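A.B. asks: Quick check, what structure comes out for this input:
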Amino acid sequence: MPNLGKIPREVFDLIADALLPNSTKNMADALLYSEKQENILWRVIFKSDEWIDKALEVEACPCLIGPTLDMIGKPDYNGPRRHHVLLSINDWNGDLQYFQHLLFESLREGYCYNKAKHKVILPETTFTNPDKTRTIKIPEIVLHINDVIFSYELIELKKSVTRRLFKPSTVQTQYSFATHKKIRVIQRPDIFGTRKTISKRRHLSPICGMYLLCNGKRWQTILKDPECPRVSPVFTAGRTGDIICWEVL
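C.D. replies: Just a heads-up that it's a prediction; the model follows:
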């Protein structure tokens, strides 16, 4: 068996990039290495990789979306008390909806589920690294799981929830995939709605969309208000190509 203690940090980082969150944590503990912030982000939500494994097995691609993902899991955290995060599953086959029990079994202990609003409250906590030299404050997380419960092509969210997923001062948010945990930023003009250019958060309603990149593949993510009027998508090439906005009918 190889001596894990001799693995250089840069090699560990390359291996960790290909592992799921809790597998990365186990390897980091064995080597007494600190995890990257984006791996901690996933671990503050999931205590195990079981549901993520099942998602990948059915060819879904779980993704976290929120305005301040890069703050969650920082050792010097000094941000807001609560963060709103959307769990998007990109499950075009619709198979993952049959394994909702695995999601709840995989969530961090102590969560509270609001079934009426399809959201999970993960309470504030602290994480300590293996040699107990560093404690990280983890804020409360409101995890919106509408996409897990309904598994539609469009994610239906109230406009107040949609707006919380974007920064208040600009139309910008962040995302991280379970299989490519590096946090990326997306902003206008790559976020579109009933107009090609969205300049204010209120323009995110009644419908908005974006294309999120993971390992060279673009995933279409559309957020729709339950009270959205009838709309028709406008494509880059007539009736084909990417959606660039919607027309209200």
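A.B. asks: Tell me which residue lies nearest the centroid of the chain.
C.D. replies: Leu64 (0.1 Å; C-alpha atoms, centre = their mean).
A.B. asks: That residue and His84 touch, don't they?
C.D. replies: No. With contacts counted by C-beta atoms under 8 Å, Leu64 stays clear of His84, the gap being 10.9 Å. Where you see a C-beta, it was placed from the backbone N, CA and C, and this is true even at glycine.
A.B. asks: Listing partners with orientation, what would you give for whatever helix or strand the residue nearest to the centre of the chain lives in?
C.D. replies: Using DSSP states H and E, Leu64 sits in strand 63-66. Note on strand 63-66: by DSSP bridges, its sheet partners are strand 82-88 (antiparallel), strand 172-177 (antiparallel).
A.B. asks: Next one: the residue nearest to Leu102 when sequence neighbours are not counted from Ser151, what distance?
C.D. replies: Nearest residue to Leu102, sequence neighbours excluded (C-beta to C-beta, 6 or more residues apart in numbering): Trp51, at 4.3 Å. Using C-beta to C-beta, to the nearest Å, Trp51 is found at 14 Å from Ser151.
A.B. asks: same check, this time on Trp92
C.D. replies: The value you get for Trp92 to Ser151, if C-beta to C-beta is used, is 9 Å.
A.B. asks: Pick out whichever of the two has more residues nearby.
C.D. replies: Under the neighbour definition other C-beta atoms under 10 Å, Trp92 and Ser151 were set side by side, and Ser151 has more, 19 against 13.
A.B. asks: Report the contact partners of that one.
C.D. replies: By C-beta atoms under 8 Å, 6 or more residues apart in numbering, the residues touching Ser151 are 89, 91, 94, 96-97.
A.B. asks: looking at those residues, which has the most residues close by?
C.D. replies: Leu96 (24 neighbours).
A.B. asks: about what we covered before: can I get the strands paired with strand 63-66 in TSV including mean neighbour count and distance to Leu122?
C.D. replies: As requested, those are exported to TSV (neighbours: other C-beta atoms under 10 Å; distance: least, C-beta to C-beta, whole Å):
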stretch	mean neighbour count	distance to Leu122
strand 82-88	22	9
strand 172-177	22	16
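A.B. asks: which one of these lies closest to Lys137?
C.D. replies: Smallest distance to Lys137 across the strands paired with strand 63-66 (C-beta to C-beta): 12.3 Å, for strand 82-88.
A.B. asks: distance between the closest one and the chain's centre?
C.D. replies: 7 Å (C-alpha atoms, centre = their mean, to the nearest Å).
A.B. asks: Helix or strand next in line after that strand, which one?
C.D. replies: helix 100-106.
A.B. asks: Output that following helix in CSV with nothing but the alpha carbons.
C.D. replies: The C-alpha trace of helix 100-106 is given here as CSV (Å, rounded to 0.1, in the frame of the first residue of the first chain):
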residue,chain,number,x,y,z
GLN,A,100,-35.8,11.4,-2.7
HIS,A,101,-35.4,9.3,0.5
LEU,A,102,-31.6,9.1,-0.3
LEU,A,103,-31.4,12.9,-0.4
PHE,A,104,-32.8,13.3,3.1
GLU,A,105,-30.7,10.4,4.4
SER,A,106,-27.6,12.1,3.0
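A.B. asks: Cool, thanks, signing off.
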